[in-house]
Structure formats: structure tokens, C-alpha cells
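Student: with the sequence up front, the predicted model follows.
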Amino acid sequence: EDKVVQSPLSLVVHEGDTVTLNCSYEVTNFRSLLWYKQEKKAPTFLFMLTSSGIEKKSGRLSSILDKKELFSILNITATQTGDSAIYLCAVDGSGGGADGLTFGKGTHLIIQP
Amino acid sequence: SAVISQKPSRDICQRGTSLTIQCQVDSQVTMMFWYRQQPGQSLTLIATANQGSEATYESGFVIDKFPISRPNLTFSTLTVSNMSPEDSSIYLCSARQGTNQPQHFGDGTRLSIL
């Protein structure tokens, strides 16, 4: 059975700080790792990672995957109050159903003004 | 990316009744999925909705309780049958356009059972 562990589970920082969110995983037949941002409604897709060591970047957000150590990090620089959300890490592997995702519990990030 | 619409967005139901949730995608997709998010929890996969055949259910979920239909490449339904308060959750539909593409989610259906 696939497993995803995120840390920390919650984090409170001030606007302008940089945060690093962690995701470790155990998966059968790894295909990809995905990061999502969830505010009040549906998870919004951020990144999909399939190869080790290649950083993906979108504005102030970036993410990287280490397939040897089985983890990924999500970095957010110069945080803003609009970054407050739950950040979900998920893996796509054959242990999570034919093609379904296995999610971690999420990191609840709060950015204080 | 595909736009995914779910309805209803929320409902309050009586114990013992059933509710069908609809999921519509604005383009043809290869895979569609249904997830449940219980209060304060993360997402758990219920089943993969297979076009033209029976859905593939995850351990702990059965067809009698969560029948799923997928008549074509853009539409699926999930029925929550004989509801009890433990079924109070957000139910989310997702879709993926290709094997190496990410899953995108609908806005979810918030279901409360009294």
C-alpha cells in the first residue's frame, strides 16, 4: 500500500518569510509525485514531478524530487497572506489503485501579516 | 487543463436516503476518479470510473454503497446509497487527460447527513 507523510502538519510564519514543506513517500511502481494547494474548495494543481533533481518553478513556488531518498520539498519564497492554505502532496503509483493518487495529510500553512 | 463541474455543490440529506453527484468535464478525458475527504482529513480514493464498464473500487469501498457510472468520456456520477451520518464528507471528482498528465479536481460536493 502506498504511503505519503507530510511535515510539518501545520506552520505559522510571517509575511515575507520563506517556507519549506516536506513530503516523504513509499510507493509501489512510482510514476509521479504531485503537489496541490487547497483553500476552501477543490485542490488546485501546482506541480507534477517525475525525475530526480530537476527543479520545477512557478513564480515564488518551486519543488524538487529525490527518488533515491524518496522525498520531495515545496518551497515558497517571500510568502504572502494569499499563500495561506493546505498544501497536499500525492503520489501516483500502482499501490494507489489503477491510476488514483495517494495523498498525505497535508501541511496547513498560515501566513500572518 | 480541463474544467470540471460538479453538482450539487452541497446538500443536506436524511439518514437512509441516497444522493447522486454529477461530474461533467469540458473535454474528453481518459481517466476519471472519485475521492472522499472526511472532515479534517485528506483525500481518499473511492474508485476509478471506467468508461463503458464497471468502476474499480479501492479497499473499503463497495459498489452497493457507492455505485458509479461513466457513460462517456466527459461525464460520471457517484451515488452515495443508504446514507448515514458517517457519510458526511466532501466528495470530489477528478480527471486526467493522458497517462503523463496531472489529475485536476472539481470543486467538490459537501454532503451532510442528519
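Tutor: On my side now, so go ahead.

Student: pull up the gap between the residue positioned nearest the centre of chain B and A:Val5, please.
Tutor: Relative to the mean C-alpha position of chain B, the nearest C-alpha, by CA atoms, centre = their mean, is the one of B:Trp34, at 3.4 Å. Distance, B:Trp34 to A:Val5, using CB to CB, to the nearest Å: 24 Å. Placement of C-beta: from N, CA and C, glycine included.

Student: near chain A, which residues of chain B show up?
Tutor: Taking CB under 8 Å from any CB of the partner chain, the part of chain B that reaches chain A is made up of B:1, B:4, B:31, B:33, B:35, B:41-45, B:47-48, B:56, B:58, B:92, B:94, B:96, B:100, B:102-108.

Student: tell me the residues of chain A that contact chain B?
Tutor: Those residues of chain A that sit near chain B, judged by CB under 8 Å from any CB, are A:32, A:34, A:36, A:41-45, A:48, A:50, A:88, A:90, A:96-106.

Student: so what's B:Thr30 up against?
Tutor: Counting by CB atoms under 8 Å, 6 or more residues apart in numbering or on different chains, B:Thr30 makes contact with B:Leu73, B:Arg96, B:Gln97, B:Gly98, B:Thr99.

Student: which strand or helix spans the closest residue to A:Ser62 other than its chain neighbours?
Tutor: With CB to CB, 6 or more residues apart in numbering or on different chains as the criterion, A:Ser62 has its nearest non-adjacent residue at 4.9 Å, and that residue is A:Asn75. Taking DSSP states H and E as the definition, A:Asn75 sits inside strand A:71-76.

Student: now the strands for chain B?
Tutor: If you assign secondary structure with DSSP state E, the strands in chain B sit at B:4-7, B:10-13, B:19-25, B:31-37, B:43-49, B:56-57, B:68-72, B:75-80, B:89-96, B:104-105, B:109-113.

Student: would you turn those into JSON lines with mean pLDDT?
Tutor: Formatted as JSON lines, the entries for the strands of chain B read as follows, by pLDDT from 0 to 100:
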{"stretch": "strand B:4-7", "mean pLDDT": "96"}
{"stretch": "strand B:10-13", "mean pLDDT": "96"}
{"stretch": "strand B:19-25", "mean pLDDT": "97"}
{"stretch": "strand B:31-37", "mean pLDDT": "95"}
{"stretch": "strand B:43-49", "mean pLDDT": "95"}
{"stretch": "strand B:56-57", "mean pLDDT": "93"}
{"stretch": "strand B:68-72", "mean pLDDT": "95"}
{"stretch": "strand B:75-80", "mean pLDDT": "98"}
{"stretch": "strand B:89-96", "mean pLDDT": "96"}
{"stretch": "strand B:104-105", "mean pLDDT": "96"}
{"stretch": "strand B:109-113", "mean pLDDT": "96"}
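
Student: would TSV of the ones you listed with distance to A:Ser24 be doable?
Tutor: Converted to TSV, the strands of chain B look like this (distance: least, CB to CB, whole Å):
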stretch	distance to A:Ser24
strand B:4-7	29
strand B:10-13	34
strand B:19-25	31
strand B:31-37	21
strand B:43-49	18
strand B:56-57	27
strand B:68-72	32
strand B:75-80	31
strand B:89-96	23
strand B:104-105	23
strand B:109-113	31
